[in-house]
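A.B. asks: Build the 3D model from these lines:
(one chain, ligands or ions: 1)
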Amino acid sequence: MEIIFLGTGGGRINLINQTRATGGFVISGSKNIHVDPGPGALVHMRNLGLVPRKTDILVVTHSHIDHISDAGVLIEGMSNYGLRKGGTLIGADDALEGKTDGQRISEFHLSKVETIVNAKPGESLEFEGGKFTFTKAVHDTFPAFGFVLEMDGKRIGYTGDTEYFEGMDKLFDGCNLLILNVMKPYNDQYHGHLTAEDASRLIGRVQPKLAIITHMGMKMQSYPPEKKAKEIEEETGVKTIAATDGMKVASDQF
Ligand SMILES: [Zn+2]
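C.D. replies: Numbers count the residues shown, from 1 in each chain. Next up, the predicted model:
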């Protein structure tokens, strides 16, 4: 199994300027799982030699455009160019139903998916070869989630976009790898995202074998992230990497 980071940028300024790419990440193991297919996901897959038609499970953790924009084209991949129903789509309520003002996946594309799962924090989903447990996320006014994925003998935690909340570490208990969306280096008056201070606290409590920070906003990008990752590693004793666009991490590293 390996994880491939298509894009590692976060936030609205990065989104438009693409100082770092966007497009989420792919977990490639006994199933191919694409998480948060934001702008560029399809193109970056092509450039990295990944095949959209081999996507088995598409996960959209909330309906902000940097997590959902390429969901439609990837569904056309999962469904053999849209010619037959295919794949599994796991989405936040808003991405599927569009009940608030978030983006949503079109009726057309939803009709091409074999299995649609409306992910609710606390619930889980078993699939052939693995299991998702959806975790709570506190992000804007949108329904959002993170997850713990058990597959190929590993336990991978992903925070999704969320601010830190009490008890968060318990959700990621026993994870070998923890992937964190870390927008900013410091806490400020704006909430809804993890900062590096939050990330350090979470990593320190969960103690995974490896932590990877991604989805970094402009301040985090200029810190720079490698320096921040080193600081977190010193604070927590956990090997911590700042992801880079196109980075691949094999499961023997966690
Ligand atoms: Zn968001």
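
A.B. asks: Now do the same contact list for S28.
C.D. replies: For S28, the contact set (Cβ atoms under 8 Å, 6 or more residues apart in numbering) comprises 1-4, 50. To be clear about C-beta, it is placed using only N, CA and C from the backbone, and glycine gets the same treatment.

A.B. asks: and it, what pLDDT?
C.D. replies: Looking at S28, its pLDDT is 98.

A.B. asks: what bridges to it?
C.D. replies: Following DSSP bridges, S28 is listed with bridge partners E2, N32.

A.B. asks: if we can go back for a sec, which of the contacts of S28 has the largest number of neighbours?
C.D. replies: Highest neighbour count within the contacts of S28: I3, with 25 neighbours (other Cβ atoms under 10 Å).

A.B. asks: what's near enough to touch the nearest residue to that one once chain neighbours are set aside?
C.D. replies: Nearest residue to I3, sequence neighbours excluded (Cβ to Cβ, 6 or more residues apart in numbering): V249, at 4.8 Å. The neighbours of V249, taking Cβ under 8 Å, 6+ apart as the test, are 2-3, 5, 177, 210, 212, 241.

A.B. asks: tell me the SS of V249?
C.D. replies: Classification of V249 by DSSP: H, G, I helix; E, B strand; the rest coil places it in strand.

A.B. asks: who touches stretch 158-173?
C.D. replies: So stretch 158-173 is in contact with 10, 35-36, 61-62, 64, 67, 135-140, 144-149, 157, 178-181, 183, 191-195, 198, 201-202, 205-206, 208, 215, going by Cβ under 8 Å, 6+ apart.

A.B. asks: quick one: the closest residue to the ion within the chain and C175, what's the gap?
C.D. replies: For the chain, the residue closest to the ion is H64, as judged by Cβ to the ion, at 3.5 Å. Taking Cβ to Cβ, to the nearest Å as the measure, H64 and C175 are separated by 24 Å.

A.B. asks: and the residue sitting furthest away from the middle of the chain, helix, strand or coil?
C.D. replies: Farthest-out residue of the chain from its mean C-alpha position, per Cα atoms, centre = their mean: L83, at 27.7 Å. The three-state label given to L83 by three-state DSSP is coil.

A.B. asks: The chain against the ion: which residues are in contact?
C.D. replies: Taking Cβ under 5 Å from the ion as the criterion, the neighbours of the ion within the chain are 64, 161.

A.B. asks: Show me the shaky parts of the chain.
C.D. replies: The chain contains no residues with pLDDT under 70.

A.B. asks: show me where it has helices.
C.D. replies: 12-17, 41-47, 65-68, 71-78, 93-97, 107-110, 168-171, 196-206, 218-221, 225-236 (DSSP state H).

A.B. asks: Out of those helices, which one sits most buried?
C.D. replies: Of all these, helix 65-68 has the most neighbours on average by mean count of other Cβ atoms under 10 Å, namely a mean of 24.

A.B. asks: mind checking how far that one is from the chain centre?
C.D. replies: 11 Å (Cα atoms, centre = their mean, to the nearest Å).

A.B. asks: Stretch 71-79 now?
C.D. replies: Using Cα atoms, centre = their mean, the offset of stretch 71-79 from its chain centre is 17 Å.

A.B. asks: Spit out the contact partners of the closest residue in space to Y223 that isn't next to it in sequence.
C.D. replies: Leaving aside its sequence neighbours, Y223 sits nearest to P185 (Cβ to Cβ, 6+ apart; 4.9 Å). P185 makes contacts with 195-197, 219-220, 223, 228, as judged by Cβ under 8 Å, 6+ apart.

A.B. asks: And T214, by the same measure?
C.D. replies: Contact analysis of T214 by Cβ under 8 Å, 6+ apart lists 5, 8, 10, 25, 179-182, 242-243.
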